[in-house]
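Peer 1: Curious how this folds, go ahead:
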Amino acid sequence: MLSVIIPFHNVEKYVGECLKSVAAQSLRDLEVICVDDGSTDGGAAVAAALCAADDRFRLIRQRNTGPGMARNVGVRHATRRYLAFVDGDDVVPRDALRRLVGSLESTGSDLACGNAKRLIGGQLVPSWAHRQAFRTSMKRTHITRHPLLIRDRMVWNKVFRRAFWDELRLAFPDRMYEDQPVTMAAHVRAASVDVLREVVYHWRQRDEADSSITQRKLEPDNLRDRLLSVCDASRILRGGAPKLAAAFDTDTLDIDMQVVVEAVAHHGDALPPDIVDLAVSYLDQVPLSGWLDLPWARRLLVHLLRRRELGPLLDVVDEVESGALQPLMRRSGLRGRRWVAEHPQLPGHLTPLSRDLSLTSRLVRLDWQDGKLRGEGRAAIGRFDAGALGRARLSVSLRERKSGARIPLGQATAFPSWDRIAWGAGAALESGYDFAFMIDPAALPARGVGHWDLRVELRRPGLCLEGKVGGVRWDPPSTPVPVRMGGRWLVPVRSFRGAWGIRLLRRDAVVRECHVEDDRLVVSGELHALGDGEPVLRLIRRHDGEEIYFPVDLDGNTFTSRLSFAAIDDSQQEEAWWDVVIDQGRIVRLVVETAAKPEAEVGDRRYLVDRGEDGCLMIRERSAG
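Peer 2: As a prediction, the model looks like this:
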């Protein structure tokens, strides 16, 4: 049914997990062609052992030619009806290939593609390149009808019909970023494409610095190949699907050209001039509309790149990195209906603000006072000087995620002011508005549960902006402890991305205390609803579901458990996250009432005990380095 081609080069640490994930696929009717692209580590031995144990696998060894040529070799040896490609350091979920092949069998489309997640430090997070395009499943669609597929430029989250592949005479070029022109050609020339919202691929960001192609993006050879693939993909789209060129330009200006800017800043005069030539040759064909979709600061940088004004470009890069680039935003145009931000080196037609008119807000303080949550924050419009805006009205509210219900928390009129904020390893000035609010538990719904986001709205004539209250990553305020409200818990939370809110939860267990004793974590608290089974403390690793169990001592409703940090050592990952629950015939999550966040270092691993995004107990493990 399916040929799976897996090229690999010096990924001994990961290739075993990759191959095992393919061997465990629920689609059994497949052949797996492993292409050792001249590895000098033990990866080939790992692959050879699996090939010996599973007759669906075979190993081809060759000198190092690069991933594109290795994939082409695999295609020449493939014999089945469909083709799939997997990189040797990634992981394929168990039902992924069955879903993709099954979709093609039912629809007759030329290729099927699915959602992906990034595997970063043991944590699975949404892939920015796939999140929007794969939000909804679609059968027999096409990139011209679903333009978000313009970001779907990787080959590994797909299954291709082999007859379609051969008809187009698809082949990978002999360079890095080899999959972009192949994927774009397939998308444009396919009669129809199936889009699956299910995650079919775990795309690893390796733990070792600069270990993969995408992690070596500033190397001149790497960047040259990247730009060659951008130019090839641009020609394919402008020739076969010209209406998609604008969407392609938006992404390329925002992402690929920014990498060129980073390379100029990194290498200076040592950057080969032909790389700037390639970038300029692409930029010369981008229409004005593409430039105006670019965020203002990046628009300025890319404009200087196109003009080959590399000295001023480096000055602006320094201003951006230090937080000093804050141009004054003002109204312009007929009746002052548009907002612009000017710069001496930016022509007037590139000054309008479009994507930049969004509210960014940060929490400065949040704590319990007299039974109420009181907070303070600041709101700003990106990194712009808001002095010309004058007085504005700020309203703070809670909004429930599912129902959209709102609870007002206060509003006031404020004038813009300057404040010094944490910025990287230093500090910078910020132009913005101060706001304050109070959350009274009595004002929340008397029943039910829910996740309420903290939001702020800024209004003034000609401008209305709203957004979640977040915070700078370098200096967030401490998260207040949860409080019990009858049969529920009110839990202040801060999301993985820094957004603040509260959760109303029903939880049958609470952690009153946790501390470290002799390389062990002691967790104690209360169980409010006892189950029928013998309780155990259960750790669940987020990225792969691995589980570890520890005994629980129960004295009435009071529980105590001691877990060994050494027993949960995940040295294969730079970072791993563990959710901690009690299993007593049913899963009970543990609300953390204590403010303690104990840390421990055992061997070459460090452990931080904390609340997760739902206010419940979790352990974050990382390398001590």
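
Peer 1: Mind pulling up the pLDDT for the residue nearest to Q25 when sequence neighbours are not counted?
Peer 2: Nearest non-adjacent residue to Q25, counting by CB to CB, 6 or more residues apart in numbering: L97, 4.9 Å away. The C-beta positions use only the backbone N, C-alpha and C, and glycine is treated the same way. The model reports L97 with a pLDDT of 97.

Peer 1: which residue ranges form the strands in the stretch 451-600 of the chain?
Peer 2: Listed in chain order, the strands of the stretch 451-600 of the chain (DSSP state E, counting those that start in this stretch) span residues 463-470, 483-485, 488-494, 500-505, 509-517, 520-527, 536-541, 547-555, 558-564, 575-583, 587-589, 591-592, 599-602.

Peer 1: For the fifth one, name the packing helices and strands.
Peer 2: Judged by 3 or more CB pairs under 8 Å, 6 or more residues apart in numbering; DSSP states H and E, the packing partners of strand 509-517 are strand 520-527, strand 591-592.

Peer 1: where's the residue nearest to Q25, which helix or strand?
Peer 2: helix 96-107 (DSSP states H and E).

Peer 1: What is that helix packed up against?
Peer 2: strand 2-8, strand 82-85, strand 111-120, strand 138-141, strand 158-161, strand 193-205.

Peer 1: list the helices and strands the helix or strand following the longest one packs on?
Peer 2: Using DSSP H and E, the helix or strand that directly follows strand 193-205 along the chain is helix 220-240. Packed against helix 220-240, as judged by 3+ CB pairs under 8 Å, 6+ apart, are the following elements: helix 179-189, helix 245-254, helix 256-267, helix 273-283.

Peer 1: go with 6 Å
Peer 2: In terms of contacts (3 or more CB pairs under 6 Å, 6 or more residues apart in numbering; DSSP states H and E), helix 220-240 is packed against helix 179-189, helix 245-254, helix 273-283.

Peer 1: Check these for me and report the most buried one.
Peer 2: For the helices and strands packed on helix 220-240, the largest average neighbour count (mean count of other CB atoms under 10 Å) is found in helix 179-189, namely a mean of 22.

Peer 1: That one - what's its average pLDDT?
Peer 2: 94.

Peer 1: Then stretch 130-137?
Peer 2: Computed over stretch 130-137, the mean pLDDT rounds to 93.

Peer 1: List of residues touching it?
Peer 2: N115, A116, L148, L149, R151, D152, L196, R197 (CB atoms under 6 Å, 6 or more residues apart in numbering).

Peer 1: now stretch 96-107
Peer 2: With CB under 6 Å, 6+ apart, stretch 96-107 has contacts from 2, 25-27, 82, 112, 139-140, 159, 194, 196, 198, 200.

Peer 1: Any idea which helix or strand in this structure has the lowest mean pLDDT?
Peer 2: strand 123-126 (a mean of 82; mean pLDDT, DSSP states H and E).

Peer 1: who does that strand pair up with?
Peer 2: Here strand 123-126 is paired, per DSSP bridges, with strand 111-120 (antiparallel).

Peer 1: And the average pLDDT for the strand it pairs with is what?
Peer 2: 93.

Peer 1: Any buried residues in that strand, and which?
Peer 2: Residues of strand 111-120 classed as buried by neighbour count (16 or more other CB atoms under 10 Å): L111, A112, C113, G114, N115, A116, K117, R118, L119, I120.

Peer 1: so how many other residues sit close to I407?
Peer 2: Other residues within reach of I407, judged by other CB atoms under 10 Å, total 15.

Peer 1: quick one, which of the strands of the stretch 451-600 of the chain is packed in tightest?
Peer 2: Scoring the strands of the stretch 451-600 of the chain by mean count of other CB under 10 Å, the most buried comes out as strand 591-592, with a mean of 24.

Peer 1: Need the residues that contact that strand.
Peer 2: Residues contacting strand 591-592 (CB under 6 Å, 6+ apart): P482, W489, R507, V510, V511, R611, G615, C616, L617.

Peer 1: And for the fifth one, nearest residue in space, chain neighbours not counted?
Peer 2: Yep, that's V511 we're talking about. Nearest to V511 is G525, by CB to CB, 6+ apart, at 4.3 Å.

Peer 1: Was I right to think that neighbour contacts V510?
Peer 2: Yes. In this structure G525 lies within contact range of V510 using CB atoms under 6 Å: 5.0 Å.

Peer 1: coming back round to it: and the residue nearest to V511, what pLDDT?
Peer 2: Note for G525: predicted pLDDT of 93.

Peer 1: which parts of the helix or strand hosting T413 are buried?
Peer 2: Here T413 sits within strand 406-414, counting by DSSP H and E. By 16+ other CB under 10 Å, the buried positions in strand 406-414 come out as L409, A414.

Peer 1: For the helix or strand following it, name the packing helices and strands.
Peer 2: Next helix or strand after strand 406-414 toward the C-terminus (DSSP H and E): strand 417-423. For strand 417-423, the packing partners by 3+ CB pairs under 6 Å, 6+ apart come out as strand 426-439.

Peer 1: Flag the shaky bits of the chain, pLDDT-wise.
Peer 2: Across the chain, the ranges flagged by pLDDT under 70 are 207-215, 334-336, 471-475, 531, 571-573, 625.

Peer 1: Go again with 50.
Peer 2: Counting by pLDDT under 50, the chain contains no low-confidence segment.

Peer 1: coming back round to it: and the helix holding L97 with strand 193-205, angle?
Peer 2: 170 degrees (axes from the mean of the first three to the mean of the last three CA atoms, to 10 degrees).

Peer 1: Make JSON lines from the strands of the stretch 451-600 of the chain and add distance to A392 to it.
Peer 2: Shown next, in JSON lines, are the strands of the stretch 451-600 of the chain (distance: least, CB to CB, whole Å):
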{"stretch": "strand 463-470", "distance to A392": "8"}
{"stretch": "strand 483-485", "distance to A392": "33"}
{"stretch": "strand 488-494", "distance to A392": "26"}
{"stretch": "strand 500-505", "distance to A392": "21"}
{"stretch": "strand 509-517", "distance to A392": "42"}
{"stretch": "strand 520-527", "distance to A392": "46"}
{"stretch": "strand 536-541", "distance to A392": "46"}
{"stretch": "strand 547-555", "distance to A392": "51"}
{"stretch": "strand 558-564", "distance to A392": "51"}
{"stretch": "strand 575-583", "distance to A392": "39"}
{"stretch": "strand 587-589", "distance to A392": "41"}
{"stretch": "strand 591-592", "distance to A392": "38"}
{"stretch": "strand 599-602", "distance to A392": "42"}
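
Peer 1: For G42, which of those is the nearest?
Peer 2: Of all the strands of the stretch 451-600 of the chain, strand 575-583 sits nearest to G42, with 23.4 Å by CB to CB.

Peer 1: Could you list the paired strands of the closest one along with their orientation?
Peer 2: In the sheet, strand 575-583 lines up with strand 536-541 (antiparallel), strand 587-589 (antiparallel), strand 617-623 (antiparallel) (DSSP bridges).

Peer 1: Nearest to P287, out of these?
Peer 2: Comparison of the strands paired with strand 575-583 against P287 by CB to CB identifies strand 617-623 as nearest, at 46.0 Å.

Peer 1: Restricting to C-alpha, output that closest one in CSV.
Peer 2: Extracted C-alpha coordinates of strand 617-623, given in CSV (Å, rounded to 0.1, in the frame of the first residue of the first chain):
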residue,chain,number,x,y,z
LEU,A,617,0.5,20.1,40.1
MET,A,618,3.2,19.6,37.5
ILE,A,619,6.9,19.0,37.4
ARG,A,620,9.2,20.6,34.9
GLU,A,621,12.5,18.8,34.3
ARG,A,622,15.4,20.1,32.4
SER,A,623,19.1,19.6,31.9
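
Peer 1: residues of that strand that come out buried?
Peer 2: L617, M618, I619, R620, E621, R622.

Peer 1: Could you export the contacts of strand 591-592 as CSV, including distance to E376?
Peer 2: Putting the contacts of strand 591-592 into CSV (distance: CB to CB, whole Å) gives the following:
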residue, distance to E376
P482, 21
W489, 24
R507, 29
V510, 29
V511, 29
R611, 22
G615, 22
C616, 27
L617, 29
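
Peer 1: circling back to that earlier point, TSV for the helices and strands packed on helix 96-107, including distance to E262?
Peer 2: Output for the helices and strands packed on helix 96-107, formatted as TSV (distance: least, CB to CB, whole Å):
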stretch	distance to E262
strand 2-8	28
strand 82-85	28
strand 111-120	20
strand 138-141	35
strand 158-161	29
strand 193-205	17
